[in-house]
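J.: coords please:
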Amino acid sequence: MPTETIRAFIELRDVSKNFIEGSGTRVVLNQVSATFNQGEFIVLLGQSGSGKSTLLNLLSGIEKPTTGQVLINGVAVNQMSERDCTLFRRDRIGFVFQFFNLIPTLTVLENVTLPQELAGKEIKALEDVALKVLRNVGLAERCQAFPDTLSGGQQQRVAIARALIHNPMLILADEPTGNLDEETGDCVLKLLLELTRNVNKTLIMATHNPEIAKMADRVLRVHEGTLQENPVKLENKLMRI
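T.: Numbers count the residues shown, from 1 in each chain. Predicted structure coming up:
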């Protein structure tokens, strides 16, 4: 009997991304191909300006590739209309950024529920889910607090709760510990990994910190427009949560 082909969760097919700068063209990604599986933690490692954030934007549909295809669960994100792409991000993708992007005049609970409330979801049901997620990140007791009363690590945990409230299938994180001290950053990273691995989510994280790569299933180095896969050493695997 023929062997059934298992489709990758995410596929990059000969993806290039160019930007026009003045009278010239800057090539950020050059015919990149890669596959990512459900439940993997992938680290995109590279210096600032190497194209890590651009790759995350392509995966989310925020930006379109110059050439090539980006498929998530069989859906060609690059071929969607702007409206469909916005809805796809809202329903299927969670973002965690270096800058927490919390609204200072809203409480923790309101910050977590706002994106889904704007999408038309019923507020009472949202609050119930938000409280559960905040409990998972250890902040349920601070649900009525305002962001300026929280530490940096607490604010990032609120941002993680906001990214997970709609149970996305893909989590994209862009330097999520970049504004935190080392100890707090380690705690936030371990929390994010624990929350995503417990429910078999795919986590793709851009960073320039090689220490974070020690916890990853796979490490891809973004360098001069290419993706170069780095082997993950056995001792690094043993450090996984």
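
J.: Work out which residue lies at the spatial centre of this structure.
T.: Centroid-nearest residue in the chain: L172, 0.8 Å away (criterion: CA atoms, centre = their mean).

J.: My read is that it contacts V96, right?
T.: Yes - under the contact definition of CB atoms under 8 Å, L172 touches V96, with a separation of 7.5 Å. Backbone N, C-alpha and C define where each C-beta goes, glycine included.

J.: how long is stretch 20-28 from one end to the other?
T.: End-to-end distance for stretch 20-28: 11 Å, by CA to CA, to the nearest Å.

J.: Could you pull up the residues touching L180?
T.: L180 sits next to G152, G153, Q156, V188 when contact means CB atoms under 8 Å, 6 or more residues apart in numbering.

J.: Return the distance of it relative to R26.
T.: Distance check for L180 against R26: by CB to CB, to the nearest Å, it reads 31 Å.

J.: The residue nearest to the centre of the chain bridge partners, please.
T.: According to DSSP bridges, the partner residues bridging L172 are F95, I204.

J.: Tell me who's in contact with it.
T.: Contacts were defined as CB under 8 Å, 6+ apart; by that measure L172 touches L56, L59, S60, I93, G94, F95, V96, I204, M205.

J.: Tell me the one of these nearest H166?
T.: Each of these was checked against H166 using CB to CB; the closest is G94, at 7.2 Å.

J.: that older thread, with neighbour count, secondary structure and pLDDT as new columns, can the contacts of L180 be given to me in a markdown table?
T.: Formatted as a markdown table, the entries for the contacts of L180 read as follows, by neighbours: other CB atoms under 10 Å; DSSP: H, G, I helix; E, B strand; the rest coil; pLDDT from 0 to 100:
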| residue | neighbour count | secondary structure | pLDDT |
| --- | --- | --- | --- |
| G152 | 15 | helix | 92 |
| G153 | 18 | helix | 91 |
| Q156 | 30 | helix | 91 |
| V188 | 23 | helix | 86 |
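
J.: average model confidence for the host helix or strand of L55?
T.: When elements are assigned from DSSP states H and E, L55 belongs to helix 52-60. If you average the pLDDT over helix 52-60, you get 94.
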